[in-house]
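> here is my input; please provide its structure:
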Amino acid sequence: MKTMKWLIRREFWEHKGSFFWAPLIVAAIMSVFILGIVSLGVSADNIRGTYGEVNDTQVSMSTLAAQVSDAQKAQLANTMANAYMFVTAPLFIVLSFIVFFYCLSSLYEERRDRSILFWKSLPVSDGMTVLSKLMMAAGVAPLITIAVATVTSLLVLLMFCAALAFKGINVFGLLLSTPALYAAPFQLLGMLPIYLLWALPTIGWLLMVSAWARSKVFLWAVGVPCLSMALLVWAERLFNFQWNIVWYAKNIVARLLLGVIPGGWVSLVDLGNAQIITQHRSGVEMSGIFTQSWATLAYPELWIGVAAGVAMIYVAIRLRRWRE
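Residues are numbered from 1 along each chain as shown. The predicted model follows:
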């Protein structure tokens, strides 16, 4: 365990810019941008729109605030508590790029700069080294992003509450008494094991290609699935084999390339009549996504992908041992 801990620290130190500073900078940019929008909204005392039966009318914000009932304030607070974590969705898009390119280059770069010779001289097995990269990509990196996203979401939520209070709509007390406000970060954290399972095929594929390719690793990793897809479409159009091209694109190409996108499982499984995002009077609920994400454990697509990902990680370990 101590060896694994130091291997993960090594990966973090070598890629601190990607894993730590990149989400932090994106979060700072988002916060400043949202602060500017909120400031503009606070400074504008009148809004133009439909008011009563008169269209295109200038309405004072104080007038609208005075007409907001307690029930509407409670509903507003509940909506904000259930949906505030979704504000930081760009951070998780950044996470998918970070994990993708980290896995793609992690084993290739150490062979290219010959640092693999130094690491192989240490009493560390190839399996431990590859598994440390897996844990960094599927565990540590998402944890850092979740922490940054939680702080950023709370900061943005505070901005909106302060703006509403400035206009005469005080929802601080109602918001702090809403259980969803405190449950959302833990629900997001609770989806991390599901993210690992769905991302395993993509991580395994990228690590395997990174351990095998001698050059142009991106073209090999992305080009092979895309080229195979193009060849299947060409053969289907030419010979009319009645192949299910959509199934291949969804279960092979997408699983190899898009698995590291958080929540990407939504488009990869047939959920029937199940609702991914639970809609209530309070709006989008994080609890609905949390429940449905764990429900995907019953889908065979998940476990077939896990088995394929484990097999590819094993191949990556063997390649790292014998490639050089």
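
> any low-confidence regions in the stretch 151-300 of the chain?
Low-confidence segments of the stretch 151-300 of the chain (pLDDT under 70): 268-284.

> quick one: secondary structure of the closest residue to residue 92 other than its chain neighbours?
Among residues not flanking residue 92 along the chain, residue 262 sits closest, at 4.4 Å (C-beta to C-beta, 6 or more residues apart in numbering). For the C-beta atoms, the positions are set from N, CA and C on the backbone; glycine is no exception. Following DSSP: H, G, I helix; E, B strand; the rest coil, we place residue 262 in the coil state.

> ok now stretch 85-94, how far from the chain's centre?
7 Å (C-alpha atoms, centre = their mean, to the nearest Å).

> need the contact partners of that stretch.
Outside of stretch 85-94, the residues within contact range by C-beta atoms under 8 Å, 6 or more residues apart in numbering are 22-23, 26-27, 30, 34, 145, 148-150, 152-153, 156-157, 184-185, 188, 261-263, 284, 286.

> in it, what's buried?
Counting neighbours by 16 or more other C-beta atoms under 10 Å, one finds that the buried residues in stretch 85-94 are 85-88, 91-92, 94.

> which parts of the stretch 201-324 of the chain are strands?
For the stretch 201-324 of the chain, applying DSSP state E, counting those that start in this stretch gives strands covering 278-280, 283-285.

> pretty sure residue 171 contacts residue 75?
No - using C-beta atoms under 8 Å, residue 171 makes no contact with residue 75, being 10.0 Å away.

> if you count surrounding residues, which of those two has more?
With neighbours defined as other C-beta atoms under 10 Å, residue 171 and residue 75 compare such that residue 171 has more, 20 against 15.

> who's in contact with the more buried one?
73, 76-77, 80, 161, 164-165.

> same question for residue 261.
Residue 261 touches 93, 96, counting by C-beta under 8 Å, 6+ apart.

> try 7 Å
Neighbouring residues of residue 261 by C-beta atoms under 7 Å, 6 or more residues apart in numbering: residue 96.

> kindly report the same for residue 262.
Per C-beta under 7 Å, 6+ apart, neighbours of residue 262: 92, 95-96, 195.

> can I get those residues in a markdown table including distance to residue 39 and secondary structure?
Formatted as a markdown table, those follow (distance: C-beta to C-beta, whole Å; DSSP: H, G, I helix; E, B strand; the rest coil):
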| residue | distance to residue 39 | secondary structure |
| --- | --- | --- |
| 92 | 26 | helix |
| 95 | 29 | helix |
| 96 | 31 | helix |
| 195 | 35 | helix |
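
> got these as TSV, with distance to residue 208 columns?
Formatted as TSV, the contacts of residue 262 follow (distance: C-beta to C-beta, whole Å):
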residue	distance to residue 208
92	25
95	21
96	19
195	20
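
> determine the number of other residues adjacent to the residue nearest to residue 190 when sequence neighbours are not counted.
Closest residue to residue 190 apart from its sequence neighbours, by C-beta to C-beta, 6+ apart: residue 290 at 6.1 Å. Residue 290 has 20 neighbours, counted by other C-beta under 10 Å.

> just residue 77 next, same as before
25.

> can you verify my assumption that it contacts residue 177?
No - using C-beta atoms under 7 Å, residue 77 is not in contact with residue 177; the gap is 8.2 Å.

> residue 205 - nearest residue in space that isn't next to it in sequence?
Closest residue in space to residue 205, ignoring its immediate chain neighbours: residue 256 at 4.7 Å, by C-beta to C-beta, 6+ apart.
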